[in-house]
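Enquirer: need a 3D model of the following:
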Amino acid sequence: MRSVVKAILQSIGVIAITVVLYLSAAMIGALIPAPPVGSAVAAQSGEPSEIYLITSLLHADIAIPVDDALRERFAFLDAAGVPIHHPGLKYLIFGWGSREFYIKTPRLSDMRPVTAFRAITGDVSVMHVYAAGDVSGLESSLKVQLPGGGLERLIAFIESGFDKSTGTPSPIAGASYGMSDAFYEGNGRFDIMRPCNIWVGEALREAGIATGAWTPITGALKLGLRLHSPKAMVQE
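Expert: Predicted structure coming up:
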């Protein structure tokens with residue numbers, strides 16, 4: 001019995017050390033600057049634009065202001081029930097993540113060991129889209145100002161997150177959190193070294209924003225933005 005208890009305690013200790021090392025590496029990664037991609041820097045022209053990051057403890061989404069051009073570009077969302085023509089629609093909010101974890105964990109309280117294990121060990125990716133009204137007053141929202149041309153590059157990056165191998169992005173049947181969202185098959189593989197917040201960082205750099213070099217957790221993502229793009233962070 002003592003040997004079993006000892007083994008359990010050792011396992012817990014290894015997990016705790018691993019978590020501490022991972023979080024420490026994330027904060028160090030936030031301190032190291034990662035500049036925008038070269039094409040984004042070279043193409044900065046036109047008026048700046050504003051987006052929001054919608055953040056939680058483990059995840060960040062990108063909120064894009066809606067206009068007629070965006071509705072047309074993401075017209076395929078209508079077939080999955082996302083109300084892109086609703087008169088109260090102000091933002092489309094996009095996220096990328098682990099299929100198993102993302103779909104089955106709408107809230108942290110819904111987290112289960114099996115879904116967490118799948119995300120840690122690697123999983124296929126999905127895109128999540130939901131329709132929203134005004135997000136500016138949310139405690140979880142972070143306004144980010146993009147340089148000229150940044151919004152178009154950001155939208156193009158988001159589009160590339162959808163799997164279009166069949167021509168049109170494919171919604172995942174029965175996968176949603178409510179009445180105004182949908183999940184789609186994604187591009188790229190999710191794992192512990194490239195989770196959702198790394199994808200968001202890549203999207204921001206494509207849009208012309210400097211971030212931390214490796215920011216797998218939300219706190220590191222926000223810290224990297226504060227350090228390396230302070231003028232782009234309008235408010236929190």
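
Enquirer: am I right that A156 is in a strand?
Expert: No. Per DSSP: H, G, I helix; E, B strand; the rest coil, A156 lies outside any strand segment and is helix.

Enquirer: quick one: pLDDT of it?
Expert: The model reports A156 with a pLDDT of 97.

Enquirer: what's the answer for Q235, then?
Expert: So, for Q235, pLDDT stands at 60.

Enquirer: got it, and V41?
Expert: 60.

Enquirer: now do the end-to-end distance for stretch 101-110.
Expert: One end of stretch 101-110 sits 10 Å from the other (CA to CA, to the nearest Å).

Enquirer: please enumerate residues in contact with it?
Expert: Here stretch 101-110 makes contact (CB atoms under 8 Å, 6 or more residues apart in numbering) with 56-58, 95, 111-112, 115-116, 118-119, 123, 126, 128, 172, 175, 177, 183, 196. C-beta coordinates here come from the backbone N, C-alpha and C atoms, glycine included.

Enquirer: can you give me the buried ones in stretch 227-236?
Expert: Within stretch 227-236, the residues that count as buried by 16 or more other CB atoms under 10 Å are H228, S229, A232, M233.

Enquirer: quick check: the third one vs A156, distance?
Expert: I take that to be A232. 19 Å (CB to CB, to the nearest Å).

Enquirer: low-confidence ranges in the protein?
Expert: 1-15, 38-45, 234-236 (pLDDT under 70).

Enquirer: in it, which spans are strands?
Expert: Using DSSP state E, the strands found in the chain span residues 33-34, 49-55, 60-65, 91-98, 123-132, 141-146, 181-190, 211-212, 233-235.
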